[in-house]
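# Return a 3D structure for these sequence lines:
(chains A and B)
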Amino acid sequence: MSDYLATVLLVEDDTEIRRFLHAALGVEGYKVVESANARRGAIDASSHKPDLAIVDLGLPDFDGLEVIKGIREWSEMPILVLSARSREHAKLEAFDAGADDYVTKPFGIGELLARVRVALRHRARAPTGGSALRLGPCVVDLEARRTLREGREVHLTPIEYRLVGCLARHLGMVVSHRELLSEVWGPTHQADTHYLRIYLKRLRDKLEADPMRPRHFLTETGVGYRLVADE
Amino acid sequence: MEPVRPWIGYASAAAGVTLCTLAGFAMTPRFDIVNVAMVYLVAVVVVALKFTRGAAIACALLSVLAFDIVFVPPQGVLTVNDAQYLLTFAIMLAVALVISHLTEKRQDEAQARARLAIEAETERVRSTLLASISHDLRTPLAVLAGASSTLAEGGERLAPAEREALARSLFAQARDLSEQVDKVLQMTRLETGAPKLDRDWASIAEIAASLLDRLADRLATHRVLVEIPSDLPLVRVDAVLIEQALGNLLDNAARHTPPGTVVRLRAKRDAGQLVVSVEDCGMGLGPLDRDRIFAKFERGAAEAGGRGMGLGLAICRAIVALHGGRTWAEATPGGGLTFRFSLPLEAEPPSPSEAEGP
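As a prediction, the model looks like this:
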């Protein structure tokens, strides 16, 4: 039973894609539960209690979204979405429904496994989340609200701390524009994307080694941002 | 051919007849009134050439009426019983009908020719598309089928390094194939009805950074230098599409210039516009080819056998045009090609307020 690293629910209608994902995840030590459609996915999610769900958005009836909403009603498990490049809108809706990350088809398995590892690590760390963030030249202590860059103190404003905090709660994963705006500025500011552009630039100027080629505050164009910290 | 509204024809007929009547007044002291009739005939011919058959008939009718009432004695009265002037009317009517008929025939022929030209162009695009598909899609498909069946049927007899090389080539070819298909789909979507733009405030520096990460493998062969001033204003665009447009330019530069050369990505503000450029140090193109290169399925002459279907630049141009911008190519000073596109700048919305400082 507990020989597995984790249990992964795979909701995907295409047999061939399920086949190689099952093989790749199995080799890595994950137990895989396969569901060929949304209804089955919802049932399997509640009966198997997986640690993570991978949901294909390209299900013919478009109800990958319903699977995500269904899971979010009772679980905080990380949800990873498989999306097609031509369906940017579906991706955005998936994030609004509660997805945590995505991989665009066609993907290399390395990319997918990396996302799976980040999502599961996040789950393992979620309850505490206390320690300081190491971001290249900087160390950000969110609790003490103290930031050092190469040993020197750097001033961050309260909003900047809130923004870093919100991204850090989903460390390594995507946080949508809408979620960031409503958590940091409040629900009335959900459409003020330019706030994010301005603040992310400030954060990068303060915290990135090269603000033009950020390594920590990453842009997910059209979707949101992703904070990547050093181990 | 002239897509004029019908009333313009009738108005012109009335104006022409008025003009002829005035000319007739000027002529009557010295010319016989038969010559005045000739002047009216000119009006009928002109109207028949330029406008509809109805307008020509109206012109003939008005001409005879005006001629009869104004010039044929007794003046000021319509004398229909005069057989002579019925003949005049019949001749004018005949001229009007014959000329209208010829004009309509000529217009129909011109329309038919234009339709044929469009059909020929569609056919050319279709056959180029098919040729591209058969070359650019079938070659990777052949590699996929060959390499995968080699792995499946003789995999254990291959050296591990060979096996891995085959598998990696499968992966690369499949990615490439998927990109080509995406481009065909994107071009089709851009051409058949403008897609809805999802405009939002975006930073070109962010778009560039995310793009350079995404294309890192592809651009690894070149030295990419980014010069984007940190104080550039935000643009209100569909960031996903603009990233695609810029990505196609970068991909294009990396594909068509020698490895190891420099590719410069710049952005600057210029007279109410944001101008983004990708400069390469390749062979460049002649002035004539610099515009042609943006057309669908066009590739530089030097690389007819090159990869890619020639859709990248056409997609870039279509995306920028949707945003109200312009795309063009110039020679890079010192050799090479520079692609630029412009995006209109809008007044930025109010910034979030928060006191900086401790």
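# Going by C-alpha atoms from here, please, whenever you check contacts or count neighbours.
Will do.
# low pLDDT regions in chain A?
A:1-2, A:59-62, A:86, A:124-130 (pLDDT under 70).
# mind listing the helices for chain A?
For chain A, the helices defined by DSSP state H cover A:15-27, A:38-48, A:64-72, A:88-97, A:109-125, A:158-169, A:177-184, A:193-207.
# Residue B:96 reaches residue B:55, doesn't it?
No. If you go by Cα atoms under 8 Å, residue B:96 and residue B:55 don't touch, sitting 9.1 Å apart.
# Common neighbours of those two, please.
Shared contacts of residue B:96 and residue B:55 (Cα atoms under 8 Å, 6 or more residues apart in numbering or on different chains): residue B:48.
# count of residues packed around residue B:7?
12 (other Cα atoms under 10 Å in any protein chain shown).
# Looking at residue B:96 and residue B:55, which one has more neighbours?
Just comparing residue B:96 and residue B:55: by other Cα under 10 Å the higher neighbour count belongs to residue B:96, 29 against 25.
# so who does residue 14 touch?
You didn't pick a chain, so chain A it is. Residue A:14 neighbours (Cα under 8 Å, 6+ apart): residue A:36.
# I was thinking of chain B, sorry if that wasn't clear
Residues near residue B:14 by Cα under 8 Å, 6+ apart: B:59, B:62.
# Tell me what the residue lying farthest from the centre of chain A is bridged to.
Going by Cα atoms, centre = their mean, the residue of chain A most distant from its centre is residue A:152, 30.9 Å out. Counting by DSSP bridges, residue A:152 is bridged to residue A:149.
# Look up how far residue A:163 lies from it.
Distance from residue A:152 to residue A:163, counting by Cα to Cα, to the nearest Å: 21 Å.
# Could you do residue B:149 as well?
51 Å.
# more neighbours, the two?
Taking neighbours as other Cα under 10 Å, residue B:149 and residue A:163 compare with residue A:163 leading, 20 against 12.
# pretty sure the more buried one contacts residue A:184?
Yes. Contact criterion Cα under 8 Å: residue A:163 and residue A:184 qualify, at 6.2 Å.
# Quick one: distance of the worst-scoring helix or strand of chain B on mean pLDDT to the chain centre.
Taking mean pLDDT, DSSP states H and E as the measure, chain B has helix B:287-292 as its least confident helix or strand, at a mean of 73. Averaged C-alpha coordinates place helix B:287-292 at 15 Å from its chain's average position (Cα atoms, centre = their mean, to the nearest Å).
# Let's see it as PDB, backbone CA atoms only.
Extracted C-alpha coordinates of helix B:287-292, given in PDB (Å, rounded to 0.1, in the frame of the first residue of the first chain):
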ATOM      1  CA  PRO B 287      14.000  45.600 -50.600                       C
ATOM      2  CA  LEU B 288      11.400  43.900 -52.800                       C
ATOM      3  CA  ASP B 289      11.500  40.700 -50.800                       C
ATOM      4  CA  ARG B 290      11.200  42.500 -47.500                       C
ATOM      5  CA  ASP B 291       7.500  43.000 -47.900                       C
ATOM      6  CA  ARG B 292       6.800  39.800 -49.800                       C
END
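# So which bits of it are buried?
By neighbour count on 16 or more other Cα atoms under 10 Å in any protein chain shown, the buried set for helix B:287-292 is residue B:290.
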